[in-house]
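what's the 3D shape of this:
(chains A and B)
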Protein chains: 2
Amino acid sequence: MKAWRPASCAVRRLEPVSRSRFFTSSSVSRRRAVIVDLLEYDSFNPDAAGETEQDVTVNGWVRSVRKQKRVAFAHIGDGTTTKPLQAVLKPEQAANLSYGTAVTLTGAWTPSQGGKQARELQVSGVEILGENHAESNPVQPKYQTPEFLRTVPHLRPRIPSNALLLRLRSQVISTLTQFFDDQDFVQTHTPIITSSDCEGAGEVFTISSNDSKVSDQKATPKGQPQVEHFFRNPKYLTVSAQLHLEALAQAVDRVWTLSPTFRAEKSDTPRHLSEFYMLEAEVCFASDMKQIMDLVEGMLQNVAGYLVVSRLGQELLETRASSTDQREAEDTITADVLQQRWHGMASQSWPRITYHEAVEKLQNAVASKEISFEFKPTIEDGLQAEHERWLASTVGKGAPVFITDYPTAQKPFYMPRSTATSNSRGSEQTVACFDLLVPDLCELAGGSMREHRSQELLQAMESKGVAGSNLEWYQDLRKYGSVPHGGFGLGFDRLLCYLSGVGSVRDVVAFPRWHGRCDC
Amino acid sequence: MKAWRPASCAVRRLEPVSRSRFFTSSSVSRRRAVIVDLLEYDSFNPDAAGETEQDVTVNGWVRSVRKQKRVAFAHIGDGTTTKPLQAVLKPEQAANLSYGTAVTLTGAWTPSQGGKQARELQVSGVEILGENHAESNPVQPKYQTPEFLRTVPHLRPRIPSNALLLRLRSQVISTLTQFFDDQDFVQTHTPIITSSDCEGAGEVFTISSNDSKVSDQKATPKGQPQVEHFFRNPKYLTVSAQLHLEALAQAVDRVWTLSPTFRAEKSDTPRHLSEFYMLEAEVCFASDMKQIMDLVEGMLQNVAGYLVVSRLGQELLETRASSTDQREAEDTITADVLQQRWHGMASQSWPRITYHEAVEKLQNAVASKEISFEFKPTIEDGLQAEHERWLASTVGKGAPVFITDYPTAQKPFYMPRSTATSNSRGSEQTVACFDLLVPDLCELAGGSMREHRSQELLQAMESKGVAGSNLEWYQDLRKYGSVPHGGFGLGFDRLLCYLSGVGSVRDVVAFPRWHGRCDC
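Numbering: from 1, shown residues only, chains lettered A, B, ... in the order given. You can find the predicted model right below:
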């Protein structure tokens, strides 16, 4: 396993913005200015902030407009930054502007007369681009509850803090793409429609085509009508890419995917959706689970490290600090807590303790009256949410914590026995796996070695009752050049919650789907 | 619209490989050598090829083994390159090696005794990593038909030319991610489960949960049992991300997604799958369709430009030139044709002609007996496949061709009328749209301006019979700060076919799904 590289790209983002990027006098087409560039340019080039730039064109939406007798001020946003651009207009120019209006403004970018920003746009030309019924707009520039905003997911992203979450998702995808490229991983597209609920991972969605025919002629012995399936037999929406990824890993060694995943569970929690993105990776020629944990650690250090030094991170902190967001939920994450999360995740050498050690710590804490739990921590009963929460907050001291080598009975069929080195106690009854816990959110990722021995896999499948369930192909992977390997899966939307401090996955996913809800 | 940047990253890939990358003597852990790095290193550092490097460790799978009396030769692949590494072993070391065996080899990387490569691995240690039943392996190191290989998608990627297709997909995703980043686009995740077959894009898949209950109590007036839907009413697998992307574009200006898309069509062609990836983008503040075409052109020039100069491109050409692949299909694409495709796509200023001009060209060609078609080209009947093929091959001269401004009747409801500038003839009856045609494959992408006026959109929806079909939210986008915008969709798997010369999308998708087929 090669060492991961630090987030060098982050630094690039903080370099001064090139003047030529938006102030061009090309005769072919004058480039438009993106608002973030205009504002950033000045903060990196303080000398320039005293100058006036003529003929600047800005596109955006009116966030607010303040009309006075002789002058009007409008805040314009285009989604590239949470900060608005201040435009100064004549009252008659602002007459038809209201919250939400899409405009193209032309004017002079001049030193500000005392506004928050170094410069402001002295508007010479206003073009209104389309309809805007500000008063009937369900989204208004005031506090609205997250639950209300979930009813209008098509309009919600126009709120600057929601647009910021779209940019966060995009940036994290980019950072991951670069990270895995640097590590020689191959990004793959695993299938969405699959044949089996292989992991017993919960309820699945079944798919059918519109013309799946119910045929009377083909009635089953019990007299029930038989459906003609589009794919010959019933198919489901995937619950995990892992098994398919394992097949692809044996072709190119290291693979990853960021792919939609589905569960038809009737959960009504801030942590579950029926449709969500999973980041999954598999690594061949890995004989030690340490390699997989190193990979997860390096990857997330890179992602969090970017936020620590970037403008995007700064915007997230400012958004957290703003009073509007404080009203969102009882367990509001402050800017300080958010920054602690990033620094914890960007820190080196996260603690790694075994499940047995974890239970021991819990039991000791109970014995010493350090804490009391509703459920008694025991090896057999598994870690409850309250236990995980305590472990995440006390063991890691802000950094994420790996809990390794869980009891066999608690984990899926494909996990091999622990090795003696990783878990000297109880390697007979435990498997080589880990859960990654972070403060507040608890489980963020899980991974394991994969049983690569044919006979052992078959036995595990039989004992877990999944043998033969359309998984012959998966058993094949162990017959023709089998190789020790391991991998992990990470809840991508949960990661975005953790990084942004947003309390519910329903608010970091643009069009969330959960039981009873599939708006738009 | 900012100009796209040339594929500067491509050049980086051709730089000499750093020695430290894999020959390290770190006391912590000796890094393993990836085969492509070992082979590349020598080709960029000819002087080093005369030296011997001790203690090199290589992981991989045996592609072939040749056992002689005193010596054995094995070709080892790890999926990082189509080229194998030559390993020289003692016969007893090779005794248990056969096609497919996963091994870790240790040895000296020494100047070759006359092999094709500058150096070869003189093996001192062999470790066999797992089971391998070479004889019963469905995949054998000989020609096997694509149709047979589709029955074993879990094993097929182990064939070097298929592993190469996985790497191509990954590289194109990376290139696109970088391209859109540079253009300030936000990468988004649009929903897979949606409420409507909005575009009338064909048959859709319906989803249900395992416990959608059939309730007798809730029987409908006609006495049919009523299904309790997980999401309250029937939901479908998305046929296009476009409408949702349009909503997100109005938050952050420019968005893109590479997302799975579904059609329950019973097509049995090399161009159609039931599950496929679409690359879609939307651009706000675009008043001229030229901007959208510029974007598509810049994006694909970047992707093709990378192949022209990269090792990956070289491997694709060598794979095409190999005799095995010539047997694949009647319409085999030679290495020369493939290179022409890339150069055509990397070229500047692709032709753009209107639909009316296209039909005129077709009619003139028929009149002058240059070509004869089965179907007569007329404005009303639309372009047939044979027409598109002729246009793609003759108008573009190797470059892709944009056909713009199709008749309103042939296109979906969301496309606005052509502007007089783009299509002086017939702007009343045509819409501001384009199809992108490439030689052989024909339609690769399609795009248009989107009707951003509320009233005009509603009229179009009514005239196409889609008004009210769960698309109220889409109409909303025109009411609250509507803005001129446009976008496009590109068949990602088709693009990979075109770039690789592979004849069927079934062979560029790892686990293809089509009518009746969902293997693994």
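
Count residues in the vicinity of A:Val283, would you?
24 (other CB atoms under 10 Å in any protein chain shown). Where you see a C-beta, it was placed from the backbone N, CA and C, and this is true even at glycine.

How about A:Gln178?
Close neighbours of A:Gln178, defined as other CB under 10 Å, add up to 20.

can I get the CA coordinates of stretch A:272-290 in CSV?
This file holds the C-alpha atoms of stretch A:272-290, laid out as CSV (Å, rounded to 0.1, in the frame of the first residue of the first chain):
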residue,chain,number,x,y,z
HIS,A,272,-31.4,6.5,7.1
LEU,A,273,-32.7,7.0,3.5
SER,A,274,-34.2,4.5,1.1
GLU,A,275,-31.8,5.7,-1.6
PHE,A,276,-28.3,6.7,-0.6
TYR,A,277,-24.7,6.8,-1.9
MET,A,278,-22.2,4.3,-0.7
LEU,A,279,-18.5,4.7,-1.3
GLU,A,280,-16.9,1.2,-1.5
ALA,A,281,-13.4,0.0,-2.3
GLU,A,282,-11.7,-3.4,-2.6
VAL,A,283,-8.0,-4.1,-2.5
CYS,A,284,-6.4,-7.3,-3.7
PHE,A,285,-3.1,-8.7,-2.4
ALA,A,286,-4.0,-7.3,1.0
SER,A,287,-3.1,-9.9,3.7
ASP,A,288,-3.5,-7.6,6.7
MET,A,289,-6.6,-5.6,7.6
LYS,A,290,-4.2,-2.8,8.7
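
Please point out which parts of it sit buried.
Buried residues in stretch A:272-290, counted by 16 or more other CB atoms under 10 Å in any protein chain shown: A:272-286, A:288-290.

mind listing what the residue nearest to A:Ala249 when sequence neighbours are not counted touches?
Using CB to CB, 6 or more residues apart in numbering or on different chains and skipping the chain neighbours, the partner closest in space to A:Ala249 is A:Glu282 (3.9 Å). Each residue near A:Glu282 by CB atoms under 8 Å, 6 or more residues apart in numbering or on different chains is listed here: A:Gln242, A:Leu245, A:Glu246, A:Leu248, A:Ala249, A:Arg254, A:Val255, A:Trp256, A:Arg450, A:His485, A:Gly486, A:Gly487.

Out of those residues, grab the one that's most surrounded.
A:Val255 (31 neighbours).

In this structure it contacts A:Leu245, no?
Yes: with contacts counted by CB atoms under 8 Å, A:Val255 reaches A:Leu245, the gap being 5.5 Å.

which residues are common contacts for these two?
Residues touching both A:Val255 and A:Leu245 (CB under 8 Å, 6+ apart): A:Thr188, A:Ala281, A:Glu282.

Narrow the residues you listed to those in strands?
A:Ala281, A:Glu282 (DSSP state E).

Between the shared contacts of A:Val255 and A:Leu245, which sits nearest A:Leu316?
A:Ala281 (25.6 Å; CB to CB).

mind listing which of the contacts of A:Glu282 are in strands?
A:Arg254, A:Val255, A:Trp256, A:Arg450, A:His485, A:Gly486, A:Gly487.

May I have the beta-bridge partners of the third one?
On the basis of DSSP bridges, A:Trp256 takes part in beta bridges with A:Gln187, A:Ala281.

burial of the closest residue to A:Gly516 other than its chain neighbours, as a residue count?
Taking CB to CB, 6+ apart, and ignoring the residues beside it in sequence, A:Gly516 has B:Arg232 as its nearest neighbour in space, at 5.5 Å. Neighbours of B:Arg232 under the rule other CB under 10 Å: 11.

did I read that right, A:Asp55 in a helix?
No: counting by DSSP: H, G, I helix; E, B strand; the rest coil, A:Asp55 falls outside a helix, being strand.

Now do the contacts for A:Ser136.
Here A:Ser136 is in contact with B:Lys479 (CB under 8 Å, 6+ apart).

Check the spacing between it and A:Leu155 real quick.
Distance from A:Ser136 to A:Leu155, counting by CB to CB, to the nearest Å: 11 Å.

for A:Ala134, same thing?
For A:Ala134 relative to A:Leu155 (CB to CB), the value is 12 Å.

between those two, what contacts are shared?
In contact with both A:Ala134 and A:Leu155: B:Tyr480, using CB under 8 Å, 6+ apart.

who's more crowded, those two?
A:Leu155 (24 against 17).

Could you report the pLDDT at that one?
A:Leu155 carries a pLDDT value of 98.

Just confirm A:Val123 contacts A:Gln93, I think it does.
Yes: with contact defined as CB under 8 Å, A:Val123 reaches A:Gln93; the gap is 6.1 Å.

show me the contacts for the residue nearest to A:Gly516.
A:Gly516, A:Arg517, A:Cys518.

Give the buried residues for the helix or strand A:Arg167 falls within.
With elements taken from DSSP states H and E, the one containing A:Arg167 is helix A:160-182. Residues A:160-181 are the ones in helix A:160-182 that count as buried (16+ other CB under 10 Å).

got the end-to-end distance for stretch A:63-76?
6 Å (CA to CA, to the nearest Å).

try stretch A:243-263
Termini of stretch A:243-263 sit 17 Å apart (CA to CA).

And the average pLDDT for that stretch is what?
On average, stretch A:243-263 scores 97.

Please apply the same query to stretch A:361-378.
97.

CA atoms only for it, dumped as CSV, please.
Extracted in CSV, the C-alpha atoms of stretch A:361-378 (Å, rounded to 0.1, in the frame of the first residue of the first chain):
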residue,chain,number,x,y,z
LYS,A,361,-13.6,-0.3,28.4
LEU,A,362,-17.3,0.0,28.6
GLN,A,363,-17.6,-2.4,31.5
ASN,A,364,-14.8,-0.6,33.3
ALA,A,365,-16.5,2.7,32.8
VAL,A,366,-19.7,1.3,34.2
ALA,A,367,-17.9,-0.3,37.2
SER,A,368,-16.1,3.0,38.0
LYS,A,369,-19.4,4.8,37.7
GLU,A,370,-17.9,7.0,35.0
ILE,A,371,-21.1,6.5,33.0
SER,A,372,-24.3,4.5,33.2
PHE,A,373,-26.0,2.9,30.3
GLU,A,374,-29.5,1.7,29.6
PHE,A,375,-28.1,-1.6,28.2
LYS,A,376,-25.3,-3.5,30.0
PRO,A,377,-22.3,-3.9,27.7
THR,A,378,-21.5,-7.5,27.1
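
what residues does it touch?
Taking CB under 8 Å, 6+ apart as the rule, stretch A:361-378 contacts A:Ile353, A:Val359, A:Asp381, A:Leu383, A:Gln384, A:Glu386, A:His387, A:Trp390, A:Leu391, A:Thr394, A:Val395.

Can you point out the buried residues in it?
Here stretch A:361-378 shows A:Lys361, A:Leu362, A:Ala365, A:Pro377 as buried, counting by 16+ other CB under 10 Å.
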